[in-house]
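Chemist: Please find the sequence and the predicted model below.
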Amino acid sequence: MEDLKNIIRDINDFPKKGIVFKDITTLLSDGKSFHRMIDLIAHRYIGMKIDQVVGVEARGFILGSALAYKLGTGITLVRKPGKLPFRTLRKTYDLEYGTDTLEIHEDAFVAGSRVIIADDLLATGGTMAAVVDLVRECGAEVVECTFMAELEFLEGRKRLPDGKVYSLLKF
């Protein structure tokens, strides 16, 4: 995994001073590395009867779409308010500097659907906790929350369902 970790570039003081931003675009743009990353994550779910992958705006759409393709499922999108055309369920959650809101179509799943939720990076866990709530409100079972990378020092997994978090790369 070190070779994949080393492709991700650090950007100091972005988006504000004191933050070291993990720029995943370098991994995504390297075809061989991107393919390997998707294969490694998808392999975990083969044989687990996953009905749907949920992709979280915006970089989760990339990971989620590729995983859905590999697993032979569809993808459900979780978006910022006003971006989905049908009736939605909405969840507002706290950020360190304010609040944010996400939406999902209210009919996104057949009741009891087994889903994985995909996003690029697990940091504090606030966004993913909100998505877990939305998915459950729609009547689906969260099999696991899966991430390309996790910033372990932020302890985001503590905000998510115990035993239902997988991160390929850990920083």
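Modeler: Perfect, thanks for sending it. Residues are numbered from 1 along each chain as shown.
Chemist: Send me the host helix or strand of residue 4 as PDB with only the CA atoms.
Modeler: Residue 4 belongs to helix 2-7 when elements are defined using DSSP states H and E. Extracted in PDB, the C-alpha atoms of helix 2-7 (Å, rounded to 0.1, in the frame of the first residue of the first chain):
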ATOM      1  CA  GLU A   2       3.000   2.300   0.500                       C
ATOM      2  CA  ASP A   3       3.300   2.800  -3.300                       C
ATOM      3  CA  LEU A   4      -0.300   4.000  -3.500                       C
ATOM      4  CA  LYS A   5       0.100   6.200  -0.400                       C
ATOM      5  CA  ASN A   6       3.300   7.800  -1.900                       C
ATOM      6  CA  ILE A   7       1.400   8.900  -5.000                       C
END
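Chemist: In it, which of the residues would be classed as buried?
Modeler: 4, 7 (16 or more other C-beta atoms under 10 Å). C-betas here are computed from N, CA, C, even on glycine.
Chemist: So which other helices or strands are in contact with it?
Modeler: When contacts are defined as 3 or more C-beta pairs under 8 Å, 6 or more residues apart in numbering; DSSP states H and E, helix 2-7 packs onto helix 25-28, helix 31-45, strand 165-170.
Chemist: Torsion angles phi and psi at residue 143?
Modeler: Residue 143 adopts backbone torsions of phi -70, psi -40, taken as degrees, to the nearest 10.
Chemist: Is it correct that it is in contact with residue 113?
Modeler: No - applying C-beta atoms under 8 Å, one finds residue 143 not in contact with residue 113, separated by 9.7 Å.
Chemist: Do you have the strands of the protein handy? List them.
Modeler: Counting by DSSP state E, the chain has strands at residues 9-12, 20-23, 52-56, 74-78, 88-95, 98-105, 114-122, 141-150, 165-170.
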